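> starting from these lines, generate the structure:
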Amino acid sequence: MAALLDEEGLDPALPAMKALGLRPLIAHLSGAISLEEAAEAGKKETRAYAKRQETWFRTQMISWKAFSTQDSERLGGQIFSFIDDLGLTRF
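A predicted model of the protein is given here:
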């Protein structure tokens, strides 16, 4: 990775350079932070991203509810019937 950054001069504005955990890894490779700090920062970025996704789902999916194993067992027939009626595949 360090070789790619140095030799290829990868543009930090590229979409791939915005991958979760990549910025802390680059900071580690440049000597700015330790590997442990980079790992913690990557985990923090991942948790923040997951939290944003959960928030989006809560606000965008009005009927979004937790679906338990008991629900799936109880409603399995209705769910598969609905899928079949729509012409969707189950797998």
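> can we go C-alpha only for contacts and neighbour counts from here?
Fine.
> what about the strands in the chain?
With strands called from DSSP state E, the chain shows none.
> pull the longest helix from it.
Looking across the chain with DSSP state H, the single longest helix is helix 35-60.
> local confidence estimate at G21?
For G21, the model assigns a pLDDT of 92.
> mind giving me the packing neighbours of the longest helix of the chain?
On a contact count with 3 or more Cα pairs under 8 Å, 6 or more residues apart in numbering; DSSP states H and E, helix 35-60 meets helix 22-29.
> from the chain's centroid, how far away is the helix it packs on?
19 Å (Cα atoms, centre = their mean, to the nearest Å).
> ditto for stretch 81-91
With Cα atoms, centre = their mean, you get 27 Å for stretch 81-91.
> just the CA coordinates for it, please, in CSV.
C-alpha atoms of stretch 81-91 as CSV (Å, rounded to 0.1, in the frame of the first residue of the first chain):
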residue,chain,number,x,y,z
SER,A,81,-46.9,-16.7,-0.7
PHE,A,82,-46.3,-13.0,-1.1
ILE,A,83,-42.9,-13.6,-2.8
ASP,A,84,-44.5,-16.2,-5.1
ASP,A,85,-47.4,-13.8,-6.0
LEU,A,86,-44.9,-11.2,-7.1
GLY,A,87,-43.1,-13.7,-9.3
LEU,A,88,-39.8,-13.3,-7.3
THR,A,89,-37.4,-16.1,-6.7
ARG,A,90,-36.9,-17.3,-3.1
PHE,A,91,-33.1,-17.9,-3.4
